[in-house]
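[1] give the three-dimensional model of this entry:
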Amino acid sequence: MLHSIAALTFLSALCVIIAVYLFLIERQSSPKTELKRRLQRMTRVKSKETPEAITRETTRADQFLAHLPATRGLGKRLDHAGLKITAATFVMATSLLAFCLAAGVILQSGRILLGVLAAATVVLIVHFFLRFKIERRNNMFTEQFPDALTMIARSLRAGHSFTTAIQLVGQEVPSPVGPLFKNAYDQQQLGMRISDALTRMNDRIDSLDLRFFTTVIAINSDVGGNLSEVLDKLAMTIRERLKIRRQVQVYTAQGRMSGYVLGALPVVVFVIFGIANPKYESALINDPMGIYLLAFAALMQLMGLMIIRKIIRIQI
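    Here you go, the predicted model:
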């Protein structure tokens, strides 16, 4: 009874702290606060700084996390994933979630090892979620990018300037391509060269096609040439590569399905046995050696899934 009261008190206090923290984060991210912060930064910025220094905000917590080995590059990964949160907020939310789950498991089972495993599970899930968001955003960018290149080439043939074509892509193409080009156009409006603004897009997303495009623009701005024809050929090359990638996905569908079945089968069987005959697995769960065996089995299962994924993942 006392453990239940202590657990409820702890969870209630933690929920209050999280609510206050989220309220402060929401208040700091409001348009009024953001405008005030940018105006204060503009009064301190030197004339030699680029417009990028005005538009990008970093807190002391983000700067501190950037120097830690475990969180170095986290802000860049969040930007690549398209998440509109800072690295400090992401680390705080992950830590709170892991701590809450670990505390709940320890209070219920009385075993610190299970709490540590629960916290590690939360960190792994968040890590794979971030990788999934990055990969999904990169795939969406690759799918939309040929249409954006074709739109730029047609605008150039119609007599529009290159900056106008970039503005059109930022207005007409959906995310993630549209906001990236819109940001480049806004930086060009603030005085940056359009080629430099487009080159900075490589810091916002990891795409080989985008690097080809920015290289083409940089060379064309120096030596000139028929830019619309070059962009059409680049768009055609990307579409052909996407076609080959879809064919590879069809050929590796059986391998992916085998990985899914092999990964889900032990978990499903374990749950079915637990429902059909709870006493059958109680000896394994209540024995400390059984917990170690389950943790080792889960680790080997993850390693097997990673190996299967590495085999069927063919870069094109």
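[2] buried residues of stretch 80-96, list them for me.
    80-83, 86-94 (16 or more other CB atoms under 10 Å). Backbone N, C-alpha and C define where each C-beta goes, glycine included.
[3] ends of that stretch, what's the gap?
    End-to-end distance of stretch 80-96 (CA to CA, to the nearest Å): 23 Å.
[4] tell me where the stretch 201-316 of the chain is predicted with low confidence.
    Under the criterion pLDDT under 70, the flagged ranges of the stretch 201-316 of the chain are 316.
[5] show me where it has strands.
    In the stretch 201-316 of the chain, no segments count as strands under DSSP state E, counting those that start in this stretch.
[6] now tabulate the buried residues of stretch 80-96 in TSV and tack on secondary structure, distance to G110 and pLDDT.
    Output for the buried residues of stretch 80-96, formatted as TSV (DSSP: H, G, I helix; E, B strand; the rest coil; distance: CB to CB, whole Å; pLDDT from 0 to 100):
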residue	secondary structure	distance to G110	pLDDT
H80	helix	41	90
A81	helix	37	89
G82	coil	41	88
L83	coil	36	87
T86	coil	37	83
A87	helix	35	83
A88	helix	33	81
T89	helix	33	84
F90	helix	31	87
V91	helix	29	86
M92	helix	28	85
A93	helix	27	87
T94	helix	25	89
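[7] redo these as CSV? Include distance to S155.
    Listed next are these as CSV, based on distance: CB to CB, whole Å:
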residue, distance to S155
H80, 28
A81, 30
G82, 26
L83, 31
T86, 36
A87, 37
A88, 41
T89, 39
F90, 38
V91, 43
M92, 44
A93, 42
T94, 43
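[8] nearest to M201 among those?
    H80 (11.6 Å; CB to CB).
[9] what number of residues lie near the residue lying closest to that closest one once chain neighbours are set aside?
    Spatial nearest neighbour of H80, chain neighbours left out: I134 (4.9 Å); criterion: CB to CB, 6 or more residues apart in numbering. If you count neighbours by other CB atoms under 10 Å, I134 ends up with 19.
[10] just the pLDDT for S29.
    Residue-level confidence at S29 comes out at 55, pLDDT.
[11] need the contact list for the residue nearest the centre of the chain.
    Nearest to the geometric centre of the chain sits A81, at 2.5 Å (CA atoms, centre = their mean). When contacts are counted by CB atoms under 8 Å, 6 or more residues apart in numbering, A81 touches L130, K133, I134, R137.
[12] which of those fall in strands?
    Within the contacts of A81, no residue falls in strands by DSSP state E.
[13] including pLDDT and distance to A297, could those go into CSV?
    Below are the contacts of A81 laid out as CSV (pLDDT from 0 to 100; distance: CB to CB, whole Å):
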residue, pLDDT, distance to A297
L130, 93, 26
K133, 94, 28
I134, 94, 29
R137, 94, 33
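[14] inside helices: which ones of those?
    L130, K133, I134, R137 (DSSP state H).
[15] thought the third one was touching R77?
    Yes - the pair formed by I134 and R77 meets the contact definition of CB atoms under 8 Å, at 6.5 Å.
[16] which residues does I312 contact?
    Taking CB under 8 Å, 6+ apart, one finds T252, G255, R256, G259 in contact with I312.
[17] distance check, the residue lying closest to the second one once chain neighbours are set aside against R136.
    Counting by CB to CB, 6+ apart, G255 lies nearest to I312, which is 4.1 Å off, once chain neighbours are set aside. Distance, I312 to R136, using CB to CB, to the nearest Å: 18 Å.
[18] next one: I106
    From I106 to R136 the distance is 35 Å (CB to CB).
[19] V223 now?
    V223 is 37 Å from R136, by CB to CB.
[20] in terms of neighbours, single out the busier of those two.
    With neighbours defined as other CB under 10 Å, V223 and R136 compare such that R136 has more, 13 against 7.
[21] ok, R239 - how many residues close by?
    15.
[22] what's the helix or strand for I152?
    helix 112-157 (DSSP states H and E).
[23] so what does the helix or strand following that helix touch, helix or strand wise?
    Moving toward the C-terminus from helix 112-157, the next helix or strand (DSSP H and E) is helix 162-172. For helix 162-172, the packing partners by 3 or more CB pairs under 8 Å, 6 or more residues apart in numbering; DSSP states H and E come out as helix 112-157, helix 177-189, helix 194-199.
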